[in-house]
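Novice: Pasting the sequence and the predicted coordinates here, then a few questions.
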Amino acid sequence: MLDVLAQKAHTSSPFEFYAHVLGARKGRARILSRLGTEASDPLDEFLNLALVYEQRETPSLQGFLNWIRAAQSEVKRDMEMARDEVRVMTVHGAKGLEARNVIFIDHTTTRAEGAHPPRLLTVPIASAPPGATALIWGSRRDRDVGPMSQSRAQALEAARDEYRRLLYVGLTRAADRLLVCGARGVNRAPKGCWHDLVLTALQPLSEEISNDEGKSVALLQEHRLQPRDKHHRRRNTPRCRLGSCRGRHSRHRRQ
């Protein structure tokens, strides 16, 4: 099948090729069976982009893929909040969606730089034009030489930035109520995990109280929230509760 598709890629326009893969080759059916009906919108938008590209540029599959990478398109989707169902998805899958109630679960086992820290390092080439780089596979940290140590640090920081960016995506999916959960297992939670980032940000603005069950919770004090500058007007402040038990929980509720 790969030989047939490779031959078709040489003779077909981008839209014709991907329409064939998704249609005659049952690609759409397989993707939907794996990812669910939510994948329909991105697939349709992808085909629309193929048509737009063919109207603007000389059609070629390689050119289309380069154009897609540079465009960085984002598909906005409707969560259909009125549907009476619970959806379970990753943060990546929830991009562009919104729901009234969101439960944000951090398993507190993955490090901020990922389960497998980046090893493919980009390093500058000495005595080469500015911007020239090379790729080096970094094994153990104690074997780094030359610019590898700095390159490794930059790659780790980029991975942490992506980790925090996904946190922001997850936190902004809720329209009315957001519940942030984290659980303590046998191993200690890694430093800078999602739950701890939220907890660290909200605890200084909270006051410890006891709830009806006698458990310690933290209630967000609205008077501690100050506008960022004189041009920023504070709107209705959400109430926020942070709880502590064997699995620590924090609750963020918009009133």
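Specialist: On my side now, so go ahead. Numbering: from 1, shown residues only.
Novice: show me the residues around Pro118 that make contact.
Specialist: Residues counted as contacts of Pro118 (Cβ atoms under 8 Å, 6 or more residues apart in numbering) are 152, 155-156, 158-159. (Glycine included, C-beta is placed from N, CA and C.)
Novice: where does it land in three-state SS?
Specialist: Going by DSSP: H, G, I helix; E, B strand; the rest coil, the secondary structure assigned to Pro118 is coil.
Novice: any idea how far Leu197 is from it?
Specialist: As judged by Cβ to Cβ, to the nearest Å, Pro118 and Leu197 stand 20 Å apart.
Novice: buried residues in stretch 60-75?
Specialist: If you call a residue buried by 16 or more other Cβ atoms under 10 Å, then stretch 60-75 has these buried ones: 60-61, 64, 67.
Novice: Pull the most distant pair out of the residues you listed.
Specialist: The most widely separated members of the buried residues of stretch 60-75 are Leu61 and Trp67, with 10.6 Å between them, by Cβ to Cβ.
Novice: Strands of the stretch 51-200 of the chain, start to end?
Specialist: For the stretch 51-200 of the chain, the strands defined by DSSP state E, counting those that start in this stretch occupy 99-106, 120-124, 133-137, 174-182.
Novice: in the last one, what counts as buried?
Specialist: So that's strand 174-182. 174, 177-182.
Novice: Repeat that for the first one.
Specialist: By neighbour count, and taking 16+ other Cβ under 10 Å as the criterion, the buried residues in strand 99-106 are 99, 102, 104, 106.
Novice: And the contacts of that strand?
Specialist: For strand 99-106, contacts defined as Cβ under 8 Å, 6+ apart pick out 79, 81, 87, 170-171, 173-182, 193-195.
Novice: Distance from the chain centre to that strand, please.
Specialist: 14 Å (Cα atoms, centre = their mean, to the nearest Å).
Novice: Let me know the angle separating that strand from strand 174-182.
Specialist: Taking axes from the mean of the first three to the mean of the last three Cα atoms, to 10 degrees, one finds strand 99-106 and strand 174-182 inclined to each other by 20 degrees.
Novice: and strand 99-106, C-alpha only, in CSV?
Specialist: Only the C-alpha atoms of strand 99-106 are listed here, as CSV (Å, rounded to 0.1, in the frame of the first residue of the first chain):
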residue,chain,number,x,y,z
ALA,A,99,-17.2,23.2,29.1
ARG,A,100,-19.1,24.5,32.0
ASN,A,101,-17.5,22.1,34.5
VAL,A,102,-13.9,20.8,34.0
ILE,A,103,-12.1,18.3,36.2
PHE,A,104,-8.3,18.8,35.7
ILE,A,105,-6.4,15.7,36.8
ASP,A,106,-2.7,15.8,37.4
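Novice: Identify the neighbouring strands of it in the sheet and state each direction.
Specialist: strand 174-182 (parallel) (DSSP bridges).
Novice: Return the item of the buried residues of strand 174-182 having minimum pLDDT.
Specialist: Lowest pLDDT within these is found at Gly182 (76).
Novice: Run a quick check on that one versus Asp196, I expect a contact.
Specialist: Yes - counting by Cβ atoms under 8 Å, Gly182 touches Asp196, with 7.4 Å between them.
Novice: Quickly list what's touching both of these two.
Specialist: 108, 189.
Novice: The helix or strand where Arg30 lies - what's its average pLDDT?
Specialist: In the assignment (DSSP states H and E), Arg30 maps to helix 27-35. Confidence for helix 27-35, expressed as mean pLDDT, is 88.
Novice: so how far is that helix off the chain centroid?
Specialist: The answer for helix 27-35 is 22 Å, by Cα atoms, centre = their mean.
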